[in-house]
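Enquirer: Next one to model:
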Amino acid sequence: MQDFFMTAGSAQGKSFVDPVFSVLAAAKSAIKQYGQDQVINASIGTIYDEEEKFVTLSSLDRLLQGLSAADIMDYAPISGVAGFAEAVVSYTFGASKPESYVAAIATPGGTGAIRNVFFNYAEMGSRILVPDWFWGTYSLIANECGRQVDYYKLFNEDNTFNLASLEAKARELLQSQAHLVVVINTPAHNPTGYSLTEQEWTAVLSVFRELAKDAGKRIVVLIDVAYMDYAGDPAEARKFFRLFQGLPENILITVAFSMSKSFFAYGLRCGALIAVSSSRDVTDEFMAVNAYSTRANWSNVTRLPQELLVRIVNDQALSQEIDALRGHYRELLAQRAQIFVGEAQEAGLAICPYHAGFFISVPTGNAKQVCERLQQERIFVVPLKKGLRIAVCSVPTKKMPGLAASIKKALD
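Expert: Numbering: from 1, shown residues only. Predicted structure coming up:
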């Protein structure tokens, strides 16, 4: 046991092994040893094409080549380059922008947006409500900010959204804290691929309206939309945003936008945090506190991807070209998932309800052991607390047949 620390008490013992990147490293090692054809790498949340190569958008590549050195390397303003906030709002909401006050600020990826919501809207030591199937980094971010996560059950017995669990946990937490941050990752939830329907969203907002009748409470809903552009028709997937209007002043809707998946720009680390409120005072406060956090944590956000988004959104022909390219890969993911879901049903393999997106999840209480068995067969999936995450985004169609049966065998 370590008995000497140089770190401050709050930092002592901080350590983790990222389950995604550790499995990815093992998959790459296996590929090097056995060859790519002998390995199924279903670990990483990036889209690979049918030759298992990293996908980029040719239109974006051309746009990138045309930028000046200043557009790439100069400092960006703290809140974002000129036109970036407007571009983010336009792109995120499309034709479904709510009739409310809206503000946006640049962040380093969706992760930066999540960090700022946790830090600025959840009190120190309080609990943040996340689904029990969740992106594990939520917990890391909360802990780093001196907060904790608590869980609502994502699914009920009918494998639909568990509104009763969300309401019960929200009421429980609000008994002991005035501020409540609730994370909802939709559409195309990571790691299950579930998307809330408009009817489910209406019911969720009804619950929050009821809780907000206590004027002393502050309810902040954080919607993580990282995978939204792979949740079926883009316009249809955005329609739920129209519901976020006419809400009480003490309900704030925040949206974590990311360029990573939508523009295949994972490494550029650019996103935005969007606020939707019935109160101008609330959105003004949002801009002030989040600009402060930007300066205090990362000073400003990389200029290059912001310049790219502004140009894309303001160029209709370019936007349509990128939409068409993205649509091709959205359909490819749907085809891969269709094979897996169909064969899972045939094999008697239980999976979480999947609608769309990068990932499919298999419930199991011994995920680590199952993953180890699968790795012996050179199949690499990610172990989670509640099951296995299969990244259909990274597995070519030709390798999908038989994968569900192999996982079923490893579970038995």
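Enquirer: List the buried residues in stretch 302-320.
Expert: 302-313, 318-319 (16 or more other CB atoms under 10 Å). Quick note: C-beta positions are derived from backbone N, CA and C, even for glycine.
Enquirer: Just give the closest residue to Asp284, not the sequence neighbours.
Expert: Spatial nearest neighbour of Asp284, excluding adjacent residues (CB to CB, 6 or more residues apart in numbering): Ala103 at 7.7 Å.
Enquirer: ok but that neighbour is inside a strand, no?
Expert: Yes. According to DSSP: H, G, I helix; E, B strand; the rest coil, Ala103 belongs to a strand.
Enquirer: I figured it was touching Ile274, is that so?
Expert: Yes. Checked against CB atoms under 8 Å, the pair Ala103 and Ile274 is within contact range at 7.2 Å.
Enquirer: Going toward the C-terminus from the helix or strand encompassing Ser260, what's the next helix or strand?
Expert: Using DSSP states H and E, Ser260 sits in helix 259-262. Using DSSP H and E, the helix or strand that follows helix 259-262 in sequence is strand 271-277.
Enquirer: which residues of the stretch 251-400 of the chain score low on pLDDT?
Expert: For the stretch 251-400 of the chain, no stretch has pLDDT under 70.
Enquirer: Okay, helices next: where are they in it?
Expert: Taking DSSP state H, counting those that start in this stretch as the criterion, the stretch 251-400 of the chain carries its helices at 259-262, 280-297, 303-313, 316-347, 367-376.
Enquirer: between those, which one is nearest to Asn159?
Expert: Nearest to Asn159 among the helices of the stretch 251-400 of the chain is helix 316-347 (13.0 Å), distances taken as CB to CB.
Enquirer: just how off-centre is the closest one within its chain?
Expert: The chain centre lies 18 Å from the centre of helix 316-347; the measure is CA atoms, centre = their mean, to the nearest Å.
Enquirer: Counting by contacts, list what it packs against.
Expert: Counting contacts by 3 or more CB pairs under 8 Å, 6 or more residues apart in numbering; DSSP states H and E, helix 316-347 is packed against helix 58-65, helix 303-313, strand 359-363, helix 403-411.
Enquirer: Output those in a markdown table, with distance to Phe119 appended to each entry.
Expert: Putting the helices and strands packed on helix 316-347 into a markdown table (distance: least, CB to CB, whole Å) gives the following:
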| stretch | distance to Phe119 |
| --- | --- |
| helix 58-65 | 31 |
| helix 303-313 | 22 |
| strand 359-363 | 27 |
| helix 403-411 | 38 |
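Enquirer: Would you mind saying which of these lies nearest Gln36?
Expert: Nearest to Gln36 among these is helix 403-411 (15.7 Å), distances taken as CB to CB.
Enquirer: That closest one vs helix 367-376, what angle?
Expert: For helix 403-411 against helix 367-376, the angle by axes from the mean of the first three to the mean of the last three CA atoms, to 10 degrees is 120 degrees.
Enquirer: any idea of the mean pLDDT in helix 403-411?
Expert: The average of the pLDDT scores along helix 403-411 is 98.
Enquirer: And it, what's buried?
Expert: Across helix 403-411, burial judged by 16+ other CB under 10 Å covers 403-404, 406-408, 410-411.
Enquirer: What lies in contact with that helix?
Expert: With contacts defined as CB atoms under 8 Å, 6 or more residues apart in numbering, helix 403-411 is touched by 40, 42, 340, 343-344, 346-349, 362, 364, 370, 373-374, 377, 379, 381, 388, 390, 395.
Enquirer: Kindly write the PyMOL command that selects the buried subset of those residues.
Expert: The PyMOL command for the buried members of the contacts of helix 403-411 (criterion: 16+ other CB under 10 Å) is given here:
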select buried, resi 40+42+340+343+344+347+349+362+364+370+374+379+381+388+390+395
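Enquirer: in stretch 140-154, what's buried?
Expert: Going by 16+ other CB under 10 Å, stretch 140-154 has these buried residues: 140-142, 145, 147, 149, 151-152, 154.
Enquirer: contacting residues around the spatially closest residue to Phe84 that is not a sequence neighbour?
Expert: For Phe84, ignoring the flanking residues on the chain, the nearest one in space by CB to CB, 6+ apart is Gln306 at 4.6 Å. Applying CB under 8 Å, 6+ apart, we find Gln306 in contact with 76, 80-81, 84, 106, 270.
Enquirer: Between all of those, which two are separated the most?
Expert: Val81 and Cys270 (10.6 Å).
Enquirer: Now list whatever residues contact both of these two.
Expert: By CB under 8 Å, 6+ apart, the residues touching both Val81 and Cys270 are 106, 306.
Enquirer: Settle it for me: which of the two has more neighbours?
Expert: Neighbour count, other CB atoms under 10 Å: between Val81 and Cys270, Cys270 has more, with 30 against 22.
Enquirer: Make JSON lines out of the contacts of Gln306 and add distance to Lys14 and secondary structure.
Expert: Listed next are those as JSON lines, based on distance: CB to CB, whole Å; DSSP: H, G, I helix; E, B strand; the rest coil:
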{"residue": "Ala76", "distance to Lys14": "30", "secondary structure": "coil"}
{"residue": "Gly80", "distance to Lys14": "31", "secondary structure": "coil"}
{"residue": "Val81", "distance to Lys14": "34", "secondary structure": "coil"}
{"residue": "Phe84", "distance to Lys14": "33", "secondary structure": "helix"}
{"residue": "Ala106", "distance to Lys14": "27", "secondary structure": "strand"}
{"residue": "Cys270", "distance to Lys14": "26", "secondary structure": "coil"}
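Enquirer: Just give me the closest of the residues you listed to Ala30.
Expert: Within the contacts of Gln306, proximity to Ala30 (CB to CB) peaks at Cys270, which comes in at 32.2 Å.
Enquirer: hmm, who's touching stretch 201-214?
Expert: Residues outside stretch 201-214 that contact it (CB under 8 Å, 6+ apart) are 161, 163, 166-167, 170-171, 174, 180, 182, 184, 196, 217, 219, 221, 240, 243-244, 247-248, 250-251.
Enquirer: Next, count neighbours for Ile251.
Expert: Neighbours around Ile251, by other CB under 10 Å: 22.
Enquirer: I'd guessed it sits against Lys217; true?
Expert: No. When contacts are counted by CB under 8 Å, Ile251 is not listed as touching Lys217 (9.3 Å).
Enquirer: Overlap of the contact sets of those two?
Expert: Applying CB under 8 Å, 6+ apart, one finds that no residue jointly contacts Ile251 and Lys217.
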